[in-house]
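A.B. asks: here is the input, now give the coordinates:
(one chain, ligands or ions: 1)
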Amino acid sequence: MNRPPAVLWIAVVLLLLIPTAAGRLLLDLAGGVLLALLALPLILSGLGWIGWKLLQSRMISCAECGANGLKGAGVCGVCGTPYANAGDTPASAAAPFTPASDLTIDVIAQDVDSDS
Ligand SMILES: [Zn+2]
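C.D. replies: Model prediction:
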C-alpha cells in the first residue's frame with residue numbers, strides 16, 4: 001500500500017487553512033508573489049529601456065568612418081580619428097547658451113484704425 005504523496009497532504013492542510021486567518025494570509029501572499037512575477041518582466045523591460053536610452057545618449061558616431069563609440073573615449077576605436085572636433089554638438093557650438101531670463105522681448109504698440 002502506497003502512502004499518499006506529501007503534495008496531497010500539503011493540499012489538504014491548505015484547504016483546511018483557507019477559511020482561517022492563516023489561509024487568508026497564505027492567499028494574500030500567493031497573490032503578491034503572482035503579482036510580482038507578472039510585474040517583474042514589465043519592470044525589467046522598463047529598466048532596460050531606460051538603460052538603453054542612457055547608453056544611446058552617451059554614444060557618438062565617428063565623422064570619418066561612421067562607427068559608434070562612447071563620448072568619453074576621445075578617439076574612434078575603429079579608425080583612430082579624434083572625437084574632439086566632432087564631439088561637440090554643432091547646435092551648442094553655434095548658438096551659445098543664453099538663459100531665457102536674460103532675453104528681452106520688445107513689444108511695440110501700434111494704433112490700429114478699426115474703421116478701415
Ligand atoms: Zn572612425
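A.B. asks: show me where the chain has strands.
C.D. replies: In the chain, the strands defined using DSSP state E lie at 59-61, 68-70.
A.B. asks: can you give me how far the first one is from the chain middle?
C.D. replies: Taking the mean C-alpha point of strand 59-61 and that of its whole chain, the gap between them comes to 19 Å (C-alpha atoms, centre = their mean, to the nearest Å).
A.B. asks: for the record, mean pLDDT for it?
C.D. replies: Averaging pLDDT along strand 59-61 yields 87.
A.B. asks: one step back: could the strands of the chain go into JSON lines alongside mean neighbour count and distance to the ion?
C.D. replies: Quick note: C-beta positions are derived from backbone N, CA and C, even for glycine. Listed next are the strands of the chain as JSON lines, based on neighbours: other C-beta atoms under 10 Å; distance: least, C-beta to the ion, whole Å:
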{"stretch": "strand 59-61", "mean neighbour count": "14", "distance to the ion": "8"}
{"stretch": "strand 68-70", "mean neighbour count": "14", "distance to the ion": "8"}
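A.B. asks: low-confidence ranges in this structure?
C.D. replies: Counting by pLDDT under 70, the ranges of the chain that qualify are 1, 84-96, 116.
A.B. asks: try 80 this time
C.D. replies: Residues of the chain meeting the criterion pLDDT under 80: 1-4, 84-100, 114-116.
A.B. asks: all helices for it, in order.
C.D. replies: In the chain, the segments counted as helices under DSSP state H are 6-17, 21-57, 84-87, 90-94.
A.B. asks: out of those, nearest to the ion?
C.D. replies: Across the helices of the chain, the ion has its closest neighbour in helix 84-87 (9.4 Å, C-beta to the ion).
A.B. asks: residues of this structure that sit close to the ion?
C.D. replies: Where the chain comes near the ion, counting by C-beta under 5 Å from the ion, the residues are 62, 64-65, 67, 76, 78-79, 81.
A.B. asks: most centrally placed residue in this structure?
C.D. replies: residue 50 (2.2 Å; C-alpha atoms, centre = their mean).
A.B. asks: neighbours around the closest residue in space to residue 79 that isn't next to it in sequence, how many?
C.D. replies: Taking C-beta to C-beta, 6 or more residues apart in numbering as the measure, residue 79 lies nearest to residue 65, with 4.4 Å between them; neighbours along the chain are not counted. Other residues within reach of residue 65, judged by other C-beta atoms under 10 Å, total 12.
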